[in-house]
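Undergrad: this is a predicted model, with the sequence first.
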Amino acid sequence: RQMCIRDRHADPPQSFEKTPEVTFDDIVVGTGTVCVSNIFGDSEAFEFPIVIVLAPEIVSISPTEGDAGAEVTFSADVRGSEPFAYAWDFGGGATPNISSDESPTVTLGDPGPPYSASLTVTNDFGEDTKDFDLTVHGWVIETVCDSISSFTSLAFAPDGNPGISYWESLGEEDDPSIIKYVKYDGSEWLEGVELFGPTYTVDFTSLAYDSDGTAYVAYMMDLPDEVPALVLAWQDGPDWLHLIIDPNNAGYCLSMALHPISEEPSISYLTKESLDTYYLMCARQVDEGWGVGPVGENTEAMNSVGTSLAFNPETLHPAISFHRDLTAPALRCAWNDGTDWHLETVYDGFGVGHYSCLRFDPDNISCISYHDVWNNDLCYTTRHGGTWDPDPEVVDDGGGLGDPATGEWTSLAFDGNGKAVISYTGDHAIGALEDWNLKFARQTGAQPAWTTETVDSAYKVGKYTSIAIGPYGSIGISYGGDDLRFAQLW
């Protein structure tokens with residue numbers, strides 16, 4: 001009979017088999033012993049060296065992200081038998097782009113979609129390669145259209161590419177405009193599709209995609225000598241179909257969203273009753289038809305400062321934020337229970353609630369960003385336990401009436417961490433309305449509660465903002481002014 005005793009790193013550590021099979025849990029440099037016995041006695045213990053070597057195994061790489069232009073040192077946790085040889089390839093996302101150092105220091109390149117990077121480690125016994133995404137954070141700004149553009153609406157299609165609906169001026173600011181739709185195809189912005197125009201009446205547009213990638217655009221149609229009408233356009237293969245939903249002086253300050261399950265559109269908008277009187281309305285597609293009706297009974301709303309519609313993910317019913325008329329100014333919210341509309345005052349005050357944007361956070365809490373005209377602030381408020389916060393947060397303090405206006409044209413979304421992000425127009429001087437800036441605010445979950453930054457300070461850009469969450473958690477913003485632009489934060 002044979003008795004073999006192996007090293008403590010072996011599993012099993014000893015065996016009485018003639019040809020035992022064992023597994024070593026680590027690199028081993030040591031000794032083992034073997035004794036052989038029969039009916040006549042035992043042999044002396046025979047010592048023999050044990051040397052176990054391993055090919056490389058890359059366990060982890062750090063970091064895998066950083067800010068554009070930052071100097072970063074990379075490192076890897078590698079198991080196996082040394083010495084190792086390293087071959088880093090940063091996929092075009094760093095300078096230098098390749099390195100044979102164990103822990104190379106590089107400068108990160110341009111922001112954008114994650115770079116396909118890799119590390120290969122070799123030794124005398126084999127090699128291992130680990131691919132990783134290198135994310136370079138920062139803003140990328142593109143000019144989509146060179147013409148004067150307004151009332152943009154941004155959405156990301158299921159293929160991850162953005163699309164924008166907007167009004168494009170045919171000349172100077174007071175010349176006729178046409179409503180257009182443009183989409184990015186993964187490499188460039190395609191030529192815009194003309195949906196309606198020309199017209200001298202320019203108002204809000206709203207874009208949404210269903211799960212099949214079909215684009216829907218809501219807009220107001222205003223033809224000479226005709227009453228404005230609310231219209232929905234949608235893609236039908238290479239063509240577009242148009243449906244007049246409400247022909248009765250309707251479509252002002254519209255906002256559209258698709259039902260979370262049926263994907264049927266709902267649109268909030270205003271109808272014009274008289275020169276200064278507008279009523280809040282909602283149009284909802286139900287099966288093959290449309291239900292069009294008032295929100296509440298003669299609910300007055302202020303024109304030109306927008307409505308905002310969103311679906312409650314829990315109840316699957318719509319809610320709308322809007323600014324009440326000048327006779328009783330207030331930021332208000334209407335919500336539907338499946339049968340009736342209920343109206344709530346979010347915050348009383350002159351000029352409170354212009355350019356509001358209503359969204360539901362990941363916990364299904366109602367949240368609204370808006371502009372406070374009197375204080376020139378960007379504000380944010382939430383609804384808890386059936387009550388709106390009586391002390392809204394001041395996200396960006398404009399300083400007060402007469403100071404540069406901050407917080408117009410707000411648009412609200414929630415990033416991959418569930419934190420609120422807001423695009424808005426900021427820091428334009430009263431009386432110098434062409435001096436706009438595109439600004440961006442992000443909720444931190446700490447103190448200070450918000451960070452703000454200027455994204456684009458070019459001349460006469462930064463109005464009519466629309467924000468949406470894109471692929472890889474990126475944040476996109478469309479905005480207008482002297483041209484149509486798209487900014488994306490990676």
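TA: Yes, it's here. Residues are numbered from 1 along each chain as shown.
Undergrad: going forward, measure contacts and count neighbours with C-alpha atoms only.
TA: OK.
Undergrad: and the residue nearest to residue 183 when sequence neighbours are not counted, what element?
TA: Distance criterion CA to CA, 6 or more residues apart in numbering; nearest residue to residue 183, sequence neighbours excluded, is residue 163 at 4.2 Å. If you go by DSSP states H and E, residue 163 is part of strand 162-169.
Undergrad: can you give the contact residues for the helix or strand following that strand?
TA: Of the helices and strands lying after strand 162-169 in sequence (DSSP H and E), the nearest is strand 177-183. By CA atoms under 8 Å, 6 or more residues apart in numbering, the residues outside strand 177-183 that reach it are 161-170, 189-202.
Undergrad: pull the number of nearby residues for the residue nearest to residue 183.
TA: If you count neighbours by other CA atoms under 10 Å, residue 163 ends up with 23.
Undergrad: low pLDDT regions in the stretch 301-450 of the chain?
TA: Scanning the stretch 301-450 of the chain with the threshold set as pLDDT under 70 gives 401-404, 428-434.
Undergrad: how about 90 then?
TA: 302-304, 324-329, 349-351, 373-376, 385, 398-406, 426-436, 447 (pLDDT under 90).
Undergrad: ok, which stretches of it are strands?
TA: Secondary structure of the stretch 301-450 of the chain (DSSP state E, counting those that start in this stretch): strands at 307-311, 318-323, 330-336, 341-348, 352-360, 366-372, 377-384, 387-388, 393-396, 408-414, 420-426, 437-443, 450-456.
Undergrad: if we can go back for a sec, average pLDDT across the strand holding residue 163?
TA: Confidence for strand 162-169, expressed as mean pLDDT, is 97.
Undergrad: now it, how far from the chain's geometric center?
TA: Distance of strand 162-169 from the chain centroid (CA atoms, centre = their mean, to the nearest Å) equals 18 Å.
Undergrad: that older thread, wait, the residue nearest to residue 183 touches residue 184, no?
TA: Yes - counting by CA atoms under 8 Å, residue 163 touches residue 184, with 6.3 Å between them.
Undergrad: of the contacts of strand 177-183, buried ones?
TA: Buried members of those, scored by 16 or more other CA atoms under 10 Å, are 161-170, 189, 192, 194-199, 201-202.
Undergrad: sorry, back to before: any idea of the angle the strand holding residue 163 forms with strand 177-183?
TA: 160 degrees (axes from the mean of the first three to the mean of the last three CA atoms, to 10 degrees).
Undergrad: contacts made by strand 162-169 with the rest, please.
TA: With CA under 8 Å, 6+ apart as the criterion, strand 162-169 contacts 147-157, 175-184, 202, 205-207, 217, 470, 478.
Undergrad: now do stretch 387-407
TA: Taking CA under 8 Å, 6+ apart as the rule, stretch 387-407 contacts 346-347, 370-383, 424-430, 441, 450, 452.
Undergrad: okay, buried residues for stretch 349-369 please.
TA: Buried residues in stretch 349-369 (16+ other CA under 10 Å): 350-361, 365-369.
Undergrad: I meant to write stretch 114-127 there.
TA: 114-115, 117-123, 127.
Undergrad: report the distance from that stretch to the chain centre.
TA: Its chain's C-alpha centre and that of stretch 114-127 lie 33 Å apart, by CA atoms, centre = their mean.
Undergrad: how about stretch 42-56?
TA: 59 Å.
Undergrad: among the buried residues of stretch 114-127, which pair sits farthest apart?
TA: Distances among those were taken as CA to CA; the most separated pair is 114 and 123, at 29.2 Å.
Undergrad: stretch 475-490 - what's its average pLDDT?
TA: 97.
Undergrad: with just CA atoms, put it into CSV.
TA: Listed next in CSV are the C-alpha coordinates belonging to stretch 475-490 (Å, rounded to 0.1, in the frame of the first residue of the first chain):
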residue,chain,number,x,y,z
ILE,A,475,-28.1,63.0,-20.4
GLY,A,476,-29.2,64.8,-23.5
ILE,A,477,-30.6,68.3,-23.9
SER,A,478,-32.0,70.0,-27.0
TYR,A,479,-32.3,73.7,-27.1
GLY,A,480,-32.8,76.6,-29.5
GLY,A,481,-32.1,80.2,-30.2
ASP,A,482,-30.1,81.4,-33.2
ASP,A,483,-29.7,77.7,-34.1
LEU,A,484,-30.8,74.2,-32.9
ARG,A,485,-28.3,72.5,-30.7
PHE,A,486,-28.0,69.1,-28.9
ALA,A,487,-25.8,68.7,-25.8
GLN,A,488,-25.0,65.3,-24.3
LEU,A,489,-23.3,64.6,-21.0
TRP,A,490,-21.5,61.3,-20.9
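Undergrad: could you give the bridge partners of residue 368?
TA: Note on residue 368: beta-bridge partners by DSSP bridges are residue 358, residue 381.
Undergrad: wait, it sits on residue 355?
TA: No - counting by CA under 8 Å, no contact exists between residue 368 and residue 355, whose distance comes to 10.0 Å.
Undergrad: which residues touch residue 236?
TA: Shown in contact with residue 236 (CA under 8 Å, 6+ apart): residue 214.
Undergrad: my bad, should have said residue 82
TA: So residue 82 contacts residue 123 (CA under 8 Å, 6+ apart).
Undergrad: SS state for it?
TA: With DSSP: H, G, I helix; E, B strand; the rest coil as the basis, the three-state label of residue 82 is coil.
Undergrad: where does it fall, phi/psi-wise?
TA: For residue 82, the backbone dihedrals are phi -80, psi 160 (criterion: degrees, to the nearest 10).
Undergrad: how close does it sit to residue 382?
TA: 57 Å (CA to CA, to the nearest Å).
Undergrad: could you report the neighbour count for the residue lying closest to residue 165 once chain neighbours are set aside?
TA: Leaving aside its sequence neighbours, residue 165 sits nearest to residue 181 (CA to CA, 6+ apart; 4.4 Å). Using other CA under 10 Å, residue 181 is surrounded by 22 other residues.
Undergrad: list the beta-bridge partners for residue 181.
TA: Going by DSSP bridges, residue 181 forms beta bridges with residue 165, residue 193.
Undergrad: what do you get for residue 231?
TA: Beta-bridge partners, per DSSP bridges, of residue 231: residue 219, residue 244.
Undergrad: was I right about it contacting residue 221?
TA: Yes - the pair residue 231 / residue 221 is scored as a contact, 6.5 Å apart, by CA under 8 Å.
Undergrad: which of those two has more neighbours?
TA: Each of residue 231 and residue 221 had its neighbours counted (other CA under 10 Å), and the higher figure belongs to residue 221 (26 against 19).
Undergrad: OK, contacts around residue 87?
TA: Residue 87 neighbours (CA under 8 Å, 6+ apart): 98-101, 119-121.
Undergrad: would a markdown table of the residues you listed with pLDDT, secondary structure and distance to residue 391 be doable?
TA: Shown next, in a markdown table, are those (pLDDT from 0 to 100; DSSP: H, G, I helix; E, B strand; the rest coil; distance: CA to CA, whole Å):
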| residue | pLDDT | secondary structure | distance to residue 391 |
| --- | --- | --- | --- |
| 98 | 98 | strand | 53 |
| 99 | 98 | strand | 54 |
| 100 | 98 | coil | 57 |
| 101 | 98 | coil | 55 |
| 119 | 98 | strand | 52 |
| 120 | 98 | strand | 55 |
| 121 | 98 | strand | 57 |
